[in-house]
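Engineer: Structure for this input, please:
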Amino acid sequence: MDIFAQEHAKYDAATTLVHMSRQVLEPYDANNLRKIIRNTLYAKEPVVVVDELKKRRMLQLQKFSFENIRDYIGTDCAYVPRDLTNSDVLKQQSRLRIPTDFCKANIEPILRKDENPEDGISVTVYDSEGKEYLMKYKCWTSTGSCVLISGWKDFVNYHGLKEKDPFGLWVFRHAQTDNLCFAVTGQLDEETLIQIKKEGILM
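Structural biologist: Alright, predicted model coming up:
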């Protein structure tokens, strides 16, 4: 059975149990139900399901189509391919470090006067499917590092990201709101990258 179908089946089963909790069962039926619940709680399969879901989400991130984020991109769009570092995926860090030269060349010039990266700027981050995640873009003057925080850990966990995973980082002004946005997607193939540059989408 497909992983997502299994998850849907579990949801249906849980809903049924909620309704059954209001019913009085015969002793034999009640005993069998307790056995099923006990076996389900201590089964090892849910761990495998979680791992498979994360693996699938990671693959979805890599199978990136630019069309999934095209409509969000307004102006000042820049892109850089990268590989995740160990510190990018450490739970203790909970941040994605953005290359300093990329920040100076592509982010600093497009910031508005009311946007102070030292205080932190609330941003929307899109994944390869166009799903939104709320994060903050922040620069630390003590180290000169700029990062995405406050939501990056959830992004890593959801997609099952690991050290050395390739990804593409985008920054742009939103087409409708003009807010500062980012996208963390799979990397572009050379043909698509050339086409996007020809269209004048990238700075």
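Engineer: Other residues contacting the longest strand seen in the chain?
Structural biologist: If you go by DSSP state E, the chain has its longest strand at strand 73-83. The set of residues external to strand 73-83 that reach it, using CB atoms under 8 Å, 6 or more residues apart in numbering, is 99, 102, 105-107, 109-110, 164-176, 178, 187-188, 193, 196, 201-203. C-beta: built from backbone N, CA, C; applies to glycine.
Engineer: shaky segments in this protein?
Structural biologist: Screening the chain residue by residue with the criterion pLDDT under 70, one finds the ranges 1-30, 32-33, 35-63.
Engineer: Do a quick rundown of the helices in it.
Structural biologist: With DSSP state H as the criterion, the chain has helices at 3-20, 27-41, 45-62, 67-70, 86-89, 100-102, 152-159, 190-198.
Engineer: Spit out the contact partners of the closest residue to residue 70 other than its chain neighbours.
Structural biologist: Sequence neighbours aside, residue 201 is the residue nearest to residue 70 in space, at 8.0 Å (criterion: CB to CB, 6 or more residues apart in numbering). With CB under 8 Å, 6+ apart as the criterion, the residues that contact residue 201 are 70, 73, 77.
Engineer: same check, this time on residue 69
Structural biologist: Applying CB under 8 Å, 6+ apart, we find residue 69 in contact with 126, 130, 170, 183, 185.
Engineer: 7 Å instead, please
Structural biologist: Residues near residue 69 by CB atoms under 7 Å, 6 or more residues apart in numbering: 126, 130, 183, 185.
Engineer: So what's the residue count around the second one?
Structural biologist: The burial count assigned to residue 130 is 15, neighbours taken as other CB atoms under 10 Å.
Engineer: Using the record's assignment, carve this protein into domains.
Structural biologist: In the domain annotation for the chain, the residue ranges read 3-62, 66-199 (the TED database).
Engineer: got the end-to-end distance for the last one?
Structural biologist: End-to-end distance of domain 66-199: 13 Å, with CA to CA, to the nearest Å as the criterion.
Engineer: Make residue 1 into 29 and carry on from there
Structural biologist: New numbering, starting at 29: the last item is domain 94-227.
Engineer: how close does residue 187 sit to residue 159?
Structural biologist: Here the distance between residue 187 and residue 159 works out to 10 Å (CB to CB, to the nearest Å).
Engineer: Comparing the two, which shows the higher neighbour count?
Structural biologist: More neighbours sit around residue 187 than around the other of residue 187 and residue 159, counting by other CB under 10 Å; the figures are 23 against 14.
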